[in-house]
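Asker: starting from these lines, generate the structure:
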Amino acid sequence: MLIIDTKLTPPSADVLAKESLAGNEVWHVPALQYRPTGIGIDLYGFDAAFLGSPRAVSLAKDALKTFSGIIFTAGNRTAQCLLQNGIPVAAAGSGNGAGEDFPGFLKIRKVQKVAWISAAQTAADLHRIAQENSIEIRHFPVYETSPAPVDEEKFRKLMHPVAWNFYSGKAVLALKRFIQKKDVVHLFGASAEAAFKSVELSR
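Answerer: Numbering: from 1, shown residues only. Below is the predicted model:
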């Protein structure tokens with residue numbers, strides 16, 4: 001089966017080899033593109049930071065290398081990016097949404113002021129997370145995403161069914177026009193699941 005992977009970064013060699021052995025072909029077609037906002041990151045006074053994605057790590061790593069507070073991440077891939085840059089991680093989220101993960105984070109270390117470093121648009125309700133966990137959150141929107149250009153003709157000529165790998169709600173919405181009911185859709189993360197449910201209702 002043809003698998004269309006929509007993540008910004010291409011699948012690893014191990015993933016490609018595994019799919020090839022299973023008889024699958026993988027296309028890497030980023031659903032989104034991003035641009036840095038250029039916002040400054042001053043972590044003075046924060047006792048914790050939350051990193052929402054590998055892109056956030058790449059844009060904030062210099063500030064984080066001298067940060068003395070505790071660091072949480074949205075998932076394992078983001079945590080791995082930090083570790084590869086020599087930056088320690090206290091805990092990685094489940095990928096089911098930061099709102100579900102924060103009570104567990106705070107059992108590891110009770111913190112008061114969190115620097116939330118992510119895309120400008122985030123699926124998390126920062127106000128609710130702050131209220132429910134009695135913490136203060138300041139958002140540092142280090143990049144913005146938008147739909148990436150795709151080869152419309154190539155996509156409309158696809159032989160279905162195909163499989164789709166989506167990693168965010170914005171990615172689902174960017175490519176929803178090409179998804180057919182007989183396709184296989186793999187959703188990674190709460191925002192992707194929520195967006196696909198809304199697509200299903202409208203199809």
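
Asker: for Ala120, which residues are in contact?
Answerer: Listed by Cβ atoms under 8 Å, 6 or more residues apart in numbering, the contact set of Ala120 reads Thr37, Pro141, Tyr143, Glu144, Thr145. Where C-beta positions appear, they are placed from N, C-alpha and C, glycine not excepted.

Asker: need phi/psi at it.
Answerer: In terms of degrees, to the nearest 10, the main-chain angles of Ala120 are phi -60, psi -40.

Asker: quick check, pLDDT for it.
Answerer: If you check Ala120, the pLDDT there is 92.

Asker: again with Ala48
Answerer: Predicted confidence (pLDDT) for Ala48: 97.

Asker: doesn't Ile70 make contact with it?
Answerer: Yes: under the criterion of Cβ atoms under 8 Å, Ala48 makes contact with Ile70 at 4.9 Å.

Asker: now for these two: what residues contact both?
Answerer: The contact sets of Ala48 and Ile70 overlap at Arg109, Val111 (Cβ under 8 Å, 6+ apart).

Asker: between those two, tell me which one has more neighbours.
Answerer: Just comparing Ala48 and Ile70: by other Cβ atoms under 10 Å the higher neighbour count belongs to Ala48, 23 against 20.

Asker: so who does the more buried one touch?
Answerer: Ala48 neighbours (Cβ under 8 Å, 6+ apart): Gly69, Ile70, Ile71, Phe72, Arg109, Val111, Lys113, Val114, Ala115.
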